[in-house]
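Trainee: What shape does this take:
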Amino acid sequence: MAKFIEIENELYISATSTYADDRVKVLNHGNTFGVFDRWGDIQQIGTMVQGLYHEGTRFVSDFEFRLNGERPLLLSSNISENNEILTVDLTNPQTETGEGVVIPQSKIHIFRTKYLRQGQCFESIKLANYDTSPYAFEVEFSFSADYKDIFEIRGQKRRARGENLPAKKDGKNTLRHSYMGLDKVERQTIHYFNPAPDEILTQTAKYRIRLAPKQVFQIQIKTGFKTGEEAVTMETALLKEDTKLASFFDSSRKKIPFIETSNDQFNHWLNRSKTDLVSLIADTPHGKYPYAGIPWFNTAFGRDGIITAFETLWLVPELSRDVLFYLAKTQATEVNDFMEAEPGKILHETRKGEMAGLGEIPYKLYYGTVDATPLFIMLAGAYFLRTGDLESIRKIWPNLKLALNWIDEYGDTDGDGFIEYRKKGINGLVHQGWKDAGDAISHEDGALAETPVALCEVQGYVYDAKRKAAVLALKMGEEELATRLKKEAGELKKKFNETFWDEALGTFVLGLDKDKSPCRVKSSNAGHVLFTGIVDEKYLPKLAATLMSKEMFTGWGIRTLATDAPRYNPMSYHNGTVWPHDTALIAYGLSEYGYTAEALQIFQALFDAAMHIDMQRLPELFCGLDRRAGEAPTTYPVACSPQAWAVASVFILIKSFLRIEVNALKKKVKFKKPVIPQWMNKVTIHNLPVGDDTLTAELTRHSNNQVSIMVKEKSPGWEVQVIQ
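Mentor: Residues are numbered from 1 along each chain as shown. Next up, the predicted model:
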C-alpha cells in the first residue's frame, strides 16, 4: 500500500506495489467532499485517502456495496458535466443464489448515483432485472468511520485519539456511528435507508431482493454529518429527482458571464473550469469564498482566495468583493506567535477539525504568510478600478490601512526596505511565500536559504499594493498618505531592480537570505513580478527569454525551478514542477508588457495540457518533465483536483490574449492590441458586468491577424475602445 509522508511541509507519496485500482472520483460542496473509487465505493487502498469528509474530518472511511457477497462488475463511471453527480453503471458477476439458482453474468443492471448537498451525501441505487427469469439475491452495504483529521490522513502522527462510541440503531431505517474527540466534541455519521433494510447491524445493512423480469428495485441512502450540537435533519423522504439539484447549482453558474469561442475543445475546457470553480465557492458568514482545493485544502486560504479572485476579477468582480470582506473580517488584530499573527496581517488558512480545535496544529486561524497581506491590498485596488465601488472600499479602508501598517512595521523586520519572513511559531511554516515547502528556497550551490528571506515576487506585490493604495487614499481624502505611498513605491522599484536583477542569470534572483546573499537560481517567482509592474523595461527582453528558455519552459508550462539549478527535480512540489496558476500569471504579466507572442505560447501549452488531462481539469500541479509528443503531462500523485487557482487560470489567460481592461472610473472597456490564437476565429463575451448593466461583445480574428470587435450590448454612458 502507498502512504503519505509529510516532510518539511511538502506532500510526498511513497511507491506502491499494489495492483489495486486507486483511480478516484471526487465530489465537493462547501465544507463537504467525497473521494470515491470508480465503483462508487469507499475503501482504503492505494493512497488511502478515499472517504466522505466534512469540516476537516473523515466521517466515512469505508462504504462498500456487494451483491451476493461479491463486488459487481464495472461498466462505466462518470462525473456529470455539471460536476455535481457521480453516476456508476454496474452489473452482476455470475453468481449463485441461496436457492441454488445461477444468475448469469450481466443480467442485473445496477445504477448508482451520488451527490453532495448542504453537508450531506445522497445516493440512489437502482437494480433492474434484464433477464426473462426472476431472481432472488442479497445486496449488502458495509460501512465504517475512523474520524481521522485531514492532517492525520496527510501523515501527521498524533500522541492520542478520542474514543469511537458504540453504534446505535434508530428504528429500522437509521444507524449512527459516533466519536468523542479529545476536544470533547461528539462527531456523528448518520446513515438513513429508504426503504428500511431487511437487516441492519452496526456496520452492515442487508436487503433480500426478488426481481421479476424487467422489474426495478430502488434503494436510497442519505448520509449526514453532525458535529457537536449542530442540527442534522434526516427526513423520511429523500429527494426523488436529481434534477432538483441541477437547479440549485444553476443560479451560481449564471453569475459568471458566458464566454464562447469558435473552438469546441476550448469551450469544453472553459465550461469545465467554470463548473469546477463554482463547486469550490463556499458560502461563509462573510460572503462567498473560493476554497483552495480537494482534498487537502477544502477550506479558505488567504493567498489562494485572493489569486483566484484576481484571475476572475474582470469577469466576476463580486467574488473579489466577497473575498475582500472575508479577509477583512479575519484579519489579525494582535501578536500571537503560535498562529504567526500580527496586527494587520491577512489570514493564510483556517481549519476546522479536532486537531485544530485542540491546538495540535496552528491552523484554526493561521497567519504564516508573507504575501497575502500585500496581495489583499492589490486586490482591493484592482477591484475599485474594475467596479468603482467606493462604498465597499470604504467599509474595508481601516483594514487596508492596518495591512499597510503591517508591511512597514512587521513585514520589514530589519528596515532595509524589503519585506521578509521568518517562522515564529514552533509548528509553523518555515517558508511563507507561495512556495512554502521546506526545501523551496535555495542557493546556486543547492544549499537551503536561511530565514529571514526576502522573496523577489513579494517585493513586486508590495510595490503594486502601495501604488494602488495611493489611489484609494486619495479617494478617502487622505492626500498625505497617498503622496507617501506613491513615493515609497517609486523608491522600492528602484531599489528592487538594482538589488534583485542578476545580469548573468538573465532574471531576478529568487530571494535574499538572512545575510542578504542572493539566491542565484532561475525560478518562476521572477515571472510574478511582471504583472505587478515593478520591472524596469530594460530588463524585459532578457527576463522574457529566460522564462521561455528550455531550462524553464517544458512545452506544457513554466517550471517552478530551472533544470540547471542543483535542486531541480521535476517531481518536487516546488522545485521543478509546473503549476498552472503560476504559469498563467506569468503569461498575463508578459502580455501586460506587450510580449503577446510569448503569452500565446504559454496559453497554447496550458490548453494542450488540459486536452490531455482527465475531464480537461487542470490540477494543482503536474511534473516538470519535458513535453513528449503524443503523451500527456506526467501527473503529480497527490495534487489537488479540482483546485481553485488552477481551474481559474483559463480566465486570466483569456484576459491575457484579449488584453481587456474594464475601468469603471473612466467608464471605459479597452481592448489594447488584442490577439486571438490561430486555431480560434471568434470569441464572444456575453453579459460582462459593467457599471449597473452588462456588455456583450464579439471579437473576430481576420486573415491578417487583426481583431475586430462588434459590440452587441453595452451600458449607457460606457465607451468601448479598441487599440490596434
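Trainee: got the buried residues for stretch 201-209?
Mentor: Residues of stretch 201-209 classed as buried by neighbour count (16 or more other Cβ atoms under 10 Å): 204-207, 209. For the C-beta atoms, the positions are set from N, CA and C on the backbone; glycine is no exception.
Trainee: Can you list which of the residues you listed are found in helices?
Mentor: The members of the buried residues of stretch 201-209 all map outside helices under DSSP state H.
Trainee: and which of the residues you listed is nearest to Ala470?
Mentor: Proximity of the buried residues of stretch 201-209 to Ala470 (Cβ to Cβ) peaks at Ala205, which lies at 64.3 Å.
Trainee: Tell me if I'm right that the closest one and Phe141 touch.
Mentor: Yes. Ala205 lies in contact with Phe141 (Cβ atoms under 8 Å); the separation is 4.7 Å.
Trainee: Give me the mean pLDDT for stretch 484-497.
Mentor: Mean pLDDT, stretch 484-497: 98.
Trainee: Which residue is the nearest non-sequential neighbour of Asp464?
Mentor: Spatial nearest neighbour of Asp464, excluding adjacent residues (Cβ to Cβ, 6 or more residues apart in numbering): Thr532 at 4.1 Å.
Trainee: from memory that neighbour sits against Lys466, does it?
Mentor: No. Using Cβ under 8 Å, Thr532 is not in contact with Lys466; the gap is 10.6 Å.
Trainee: With neighbour numbers in mind, choose between those two.
Mentor: Lys466 (28 against 23; other Cβ atoms under 10 Å).
Trainee: can you give me the strands for the stretch 551-700 of the chain?
Mentor: Here the stretch 551-700 of the chain has its strands, by DSSP state E, counting those that start in this stretch, at 660-663, 668-672, 682-690, 693-701.
Trainee: if we compare those strands, which one ends up closest to Val216?
Mentor: Between those, strand 682-690 lies closest to Val216; by Cβ to Cβ that is 41.5 Å.
Trainee: Go ahead and name everything in contact with the closest one.
Mentor: Strand 682-690 is contacted from outside by 257-262, 314-318, 654, 658, 662, 664, 669, 676, 694-701, 714-715, 718, using Cβ atoms under 8 Å, 6 or more residues apart in numbering.
Trainee: thinking again about what came up before, I'd like to know which of the strands of the stretch 551-700 of the chain is closest to Ser273.
Mentor: strand 682-690 (15.3 Å).
Trainee: Any chance of the backbone angles for the residue nearest to Asp464?
Mentor: Phi and psi for Thr532, reported as degrees, to the nearest 10, are phi -90, psi -20.
Trainee: okay, it: pLDDT?
Mentor: pLDDT, Thr532: 98.
Trainee: For it, list the residues it contacts.
Mentor: Neighbouring residues of Thr532 by Cβ under 8 Å, 6+ apart: 378, 457, 460-461, 463-464, 589.
Trainee: One more: Lys352?
Mentor: 31, 55-57, 299, 364.
Trainee: Same question for Val650.
Mentor: By Cβ under 8 Å, 6+ apart, the residues touching Val650 are 269-270, 273, 584, 606, 610, 618.
Trainee: Highest neighbour count among the residues you listed?
Mentor: Counting neighbours by other Cβ under 10 Å, Leu618 leads the contacts of Val650 with 34 neighbours.
Trainee: neighbours of Lys114, just the number please.
Mentor: Neighbour count for Lys114, taken as other Cβ under 10 Å: 24.
Trainee: Bridged to it, which residues?
Mentor: The partner list for Lys114 in beta bridges (DSSP bridges) reads Leu86, Glu123.
Trainee: Run through the residues that contact it.
Mentor: 27, 34, 36, 40, 85-86, 88, 121-123.
Trainee: Let's have those in JSON lines, adding distance to Leu390 and neighbour count.
Mentor: Compiled in JSON lines, those are given as follows (distance: Cβ to Cβ, whole Å; neighbours: other Cβ atoms under 10 Å):
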{"residue": "Leu27", "distance to Leu390": "40", "neighbour count": "23"}
{"residue": "Gly34", "distance to Leu390": "43", "neighbour count": "28"}
{"residue": "Phe36", "distance to Leu390": "47", "neighbour count": "24"}
{"residue": "Gly40", "distance to Leu390": "51", "neighbour count": "25"}
{"residue": "Ile85", "distance to Leu390": "42", "neighbour count": "19"}
{"residue": "Leu86", "distance to Leu390": "45", "neighbour count": "21"}
{"residue": "Val88", "distance to Leu390": "51", "neighbour count": "24"}
{"residue": "Cys121", "distance to Leu390": "44", "neighbour count": "26"}
{"residue": "Phe122", "distance to Leu390": "44", "neighbour count": "20"}
{"residue": "Glu123", "distance to Leu390": "49", "neighbour count": "20"}
